[in-house]
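**Q** just coords:
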């Protein structure tokens, strides 16, 4: 079946540090890939997505590139802020499966001033 | 535009009691999903609706869980009787159609079973 594996947290960083969260996947079809973010006390929000190989999704300074050859979709941000403290989820969906989302376990990121 | 609305936001019950969660999707969204998120884990799909039809309920524990989406708009997810292991956050999401990839999530209902 489909699955997503992402690095375990928590990840603790200082403000303005570089952030990378690794994500790899297995899928039976050709998936679309997503990063969702969950801020404290809030619901899941789409951060960025990519729908085909070599696409780069970007939003709020975050980027991730769809790498089919390595089945990866790593999330990066060059300079994090305290407000980026949240839980980040990598996910995939396959159209043939009704686009249900398969999530990784989440990575908690804590940015200290 | 209003987002996905869920109620209640929190619920505490004793085991063996029934509980129900309600979801109102974004207006015009025909596809509705219910997910369960256990503590420290990612959400997992319970059931997907296309309008009023449940088209994927393979992950729904049917011995105690039931769901309905009358008239293809609001949806209710019920657990009867609840068990300790049902403590989780129950999330509702919607899209215009299942062909659309981006799902919009509600804030969730946090259930604690004592």
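**A** It's in. Just so we're clear, the structure is a prediction, and the values are computed from it rather than from any experiment.

**Q** make it CA atoms for all contacts and neighbour counts henceforth
**A** OK.

**Q** and the nearest residue to residue B:7 once chain neighbours are set aside, bridged to which residues?
**A** Distance criterion CA to CA, 6 or more residues apart in numbering or on different chains; nearest residue to residue B:7, sequence neighbours excluded, is residue B:22 at 5.4 Å. For residue B:22, the beta-bridge partners are residue B:7, residue B:76 (DSSP bridges).

**Q** which residues does residue B:22 contact?
**A** Each residue near residue B:22 by CA atoms under 8 Å, 6 or more residues apart in numbering or on different chains is listed here: B:6-8, B:74-77.

**Q** ok, now with 10 Å
**A** B:5-9, B:67-69, B:74-78, B:90, B:92, B:108-109 (CA atoms under 10 Å, 6 or more residues apart in numbering or on different chains).

**Q** With residue B:96 instead?
**A** Residues counted as contacts of residue B:96 (CA under 10 Å, 6+ apart) are B:25-32, B:50, B:102-104.

**Q** rewinding a little: just the buried residues from the contacts of residue B:22, in ChimeraX please.
**A** In ChimeraX, a selection of the buried entries from these looks like this (16 or more other CA atoms under 10 Å in any protein chain shown):
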select /B:5,6,7,67,68,69,74,75,76,77,78,90,92,108,109
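
**Q** Read off the pLDDT value for the residue nearest to residue B:7.
**A** Looking at residue B:22, its pLDDT stands at 97.

**Q** How many neighbouring residues does residue 89 have?
**A** Looking at chain A here, since you left the chain open. 30 (other CA atoms under 10 Å in any protein chain shown).

**Q** looking at chain B here, not the other one
**A** Residue B:89 has 21 neighbours, counted by other CA under 10 Å.

**Q** Next, the buried residues of stretch A:73-83.
**A** Result for stretch A:73-83 [16+ other CA under 10 Å]: buried residues A:73-77, A:80-81.

**Q** Quick one: these as JSON lines, columns for distance to residue B:56 and secondary structure too.
**A** Shown next, in JSON lines, are these (distance: CA to CA, whole Å; DSSP: H, G, I helix; E, B strand; the rest coil):
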{"residue": "A:73", "distance to residue B:56": "27", "secondary structure": "coil"}
{"residue": "A:74", "distance to residue B:56": "30", "secondary structure": "coil"}
{"residue": "A:75", "distance to residue B:56": "30", "secondary structure": "strand"}
{"residue": "A:76", "distance to residue B:56": "34", "secondary structure": "strand"}
{"residue": "A:77", "distance to residue B:56": "36", "secondary structure": "strand"}
{"residue": "A:80", "distance to residue B:56": "39", "secondary structure": "coil"}
{"residue": "A:81", "distance to residue B:56": "40", "secondary structure": "coil"}
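
**Q** Perfect, that will be all.
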